[in-house]
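**Q** Output the structure for:
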Amino acid sequence: MVLMVLAGIPAHAQTHTTQEHKIRVTTLTSGLAHPWSLAFLPDGRMLVTERRGRLRIINTDFKLDPGSVGGVPFVMPHGQGGLMDVVLHPKFAENNWVYLSYTAGDGTNVGTEVARGVLKGNQLENVQVIFKMAPKLRTGYHFGSRIVFDRDGFMFITLGDRGEMERAQNPGDHNGSVIRLHDDGRVPKDNPFVGKPGWLPEKYTLGNRNMQGAALHPQTGLLWTHEHGPQGGDEVNVIRPGVNYGWPVITYGANYGTGTKIGEGTAKDGLAQPLHKWVPSIAPSGMAFYSGSKFTKWRGDLFIGALRDQMLVRLKLDSEKVVREEQLLKNVLGRIRDVRVGPDGFIYLLTDAPNGVLARVELAE
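**A** As a prediction, this is how the structure comes out:
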């Protein structure tokens, strides 16, 4: 169900009626250059990444600080890549660690890396690169990359296949997989492929195409991700250790241009089926479970941004089954890149544009 915009509401604060709540969407901050990710600091400020390589601060009055945070590792923007995710350590209040994913160069090749630094004022100090994708490639596609910490403090990094689809099935290749590490980059001893000849021990999954959304389920604590499919076949998956998610052996998508079949069809023994899929593609990006107190009828629902279809998707869940899909804010804000639930219980959105905005979804009742 697509939302209807009510007449007479200013563009910066529009009111909409959804299936379960009447909401207001307010633009809080503008002037962001292709923002990618958002993190909430304990003092009420926010960190925002801009794809070209700047880490920005939005102050408590929602005004964008004119400068940028110093100490960010050198970022090589390339195609879809650049400065991507920003995430706080689970114990940020004690250690001030901030984690960044970004594309970095290796001669003529580029790939996703993750670094962390201690935030002091407007500066990152003691910056450490704790993960480097291998191999790096020349292509400008499918870098991932979201960072999520689970309840035990392990760090997950989502990576794309870099546009070379066969790499997603390569056990000795980072591309097209979820990575699991300790918070300092060490490999956990209980990773599923540790000690298996020919397998990279940091790999947690394989067969993923390009995951640009990831979040922990609020009840089970399991990692959920979504990924882009080709001309259809965007997927939502529950991530479990050692699972092969099928790309490119199976997919609900098709070859660009020709529409011809990719791989061996849509199902094969031993390869996981998606929890939910979109045909045609919506180009998902950003993902959050709602566990706040503001939208009581949305508790436990999954929210996903869409770039191509320029909307916010709400998935009503029954355990690991989608029972309803609602399309919100269709063509209202533009390409939605990131989705976060704030400490105040409202939903925050970033739009991917040269003049990107931070918007907030509020109750209008």
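
**Q** which SSE is the residue most central in space within the chain in?
**A** Geometric centre of the chain, nearest residue: G213, 2.9 Å, by Cα atoms, centre = their mean. Assigned by DSSP states H and E, G213 belongs to strand 211-216.

**Q** Contacts for that strand next, please.
**A** 144-148, 150-151, 156, 158-160, 178, 222-228, 284-289, 302, 304-305, 339 (Cβ atoms under 8 Å, 6 or more residues apart in numbering). Every C-beta, even on glycine, is put in place using the N, C-alpha and C of the backbone.

**Q** do that again at 6 Å, thanks
**A** Residues outside strand 211-216 that contact it (Cβ atoms under 6 Å, 6 or more residues apart in numbering) are 144, 146, 148, 158, 223-227, 284-289, 304.

**Q** Tell me the one of those nearest F346?
**A** Set against F346, the nearest of the contacts of strand 211-216 by Cβ to Cβ is A288 (11.4 Å).

**Q** Checking P188 next. Helix, strand or coil?
**A** The three-state label given to P188 by DSSP: H, G, I helix; E, B strand; the rest coil is coil.

**Q** Let me fix that, I meant to ask about G117.
**A** In terms of secondary structure, G117 is strand; the call rests on three-state DSSP.

**Q** Just list the residues touching it, thanks.
**A** G71, V98, L124, V127.

**Q** Filter the residues you listed down to the buried ones.
**A** Among those, those buried by neighbour count (16 or more other Cβ atoms under 10 Å) are G71, V98, L124.

**Q** Tabulate the residues you listed in a markdown table, adding columns for pLDDT and secondary structure.
**A** Converted to a markdown table, those look like this (pLDDT from 0 to 100; DSSP: H, G, I helix; E, B strand; the rest coil):
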| residue | pLDDT | secondary structure |
| --- | --- | --- |
| G71 | 98 | coil |
| V98 | 98 | strand |
| L124 | 98 | strand |
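
**Q** what is V110 paired to in the beta sheet?
**A** G105, L137 (DSSP bridges).

**Q** what about it, how many neighbours?
**A** V110 has 23 neighbours, counted by other Cβ atoms under 10 Å.

**Q** Break this structure down into its structural domains.
**A** 1-32+282-365, 33-281 (automatic domain parsing).

**Q** Out of these, name the one with the poorest average pLDDT.
**A** For the domains of the chain, the weakest mean pLDDT is recorded on domain 1-32+282-365, namely a mean of 90.

**Q** pretty sure G292 is touching G345, no?
**A** Yes. With contacts counted by Cβ atoms under 6 Å, G292 reaches G345, the gap being 3.1 Å.

**Q** how about the nearest residue to the residue nearest to the centre of the chain, chain neighbours excluded?
**A** M287 (3.1 Å; Cβ to Cβ, 6 or more residues apart in numbering).

**Q** State the paired neighbours of whatever helix or strand that neighbour lives in in the sheet, together with their directions.
**A** Applying DSSP H and E as the criterion places M287 in strand 284-289. Paired strands of strand 284-289, with direction, are strand 302-306 (antiparallel) (DSSP bridges).

**Q** Put the alpha carbons of the strand it pairs with into PDB.
**A** Extracted in PDB, the C-alpha atoms of strand 302-306 (Å, rounded to 0.1, in the frame of the first residue of the first chain):
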ATOM      1  CA  LEU A 302      11.700  -4.900   9.700                       C
ATOM      2  CA  PHE A 303      12.300  -1.600   7.800                       C
ATOM      3  CA  ILE A 304      14.300  -1.500   4.600                       C
ATOM      4  CA  GLY A 305      15.200   1.500   2.400                       C
ATOM      5  CA  ALA A 306      15.000   1.300  -1.400                       C
END
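
**Q** Tell me the helix or strand right after it.
**A** strand 311-318.

**Q** That next one: partners in the sheet, and parallel or antiparallel?
**A** Under the rule (DSSP bridges), strand 311-318 has strand 302-306 (antiparallel), strand 321-328 (antiparallel) as partners.

**Q** who's in contact with the first one?
**A** Pointing back at strand 302-306 there. Residues contacting strand 302-306 (Cβ under 6 Å, 6+ apart): 213, 282-289, 312-315, 336, 339.
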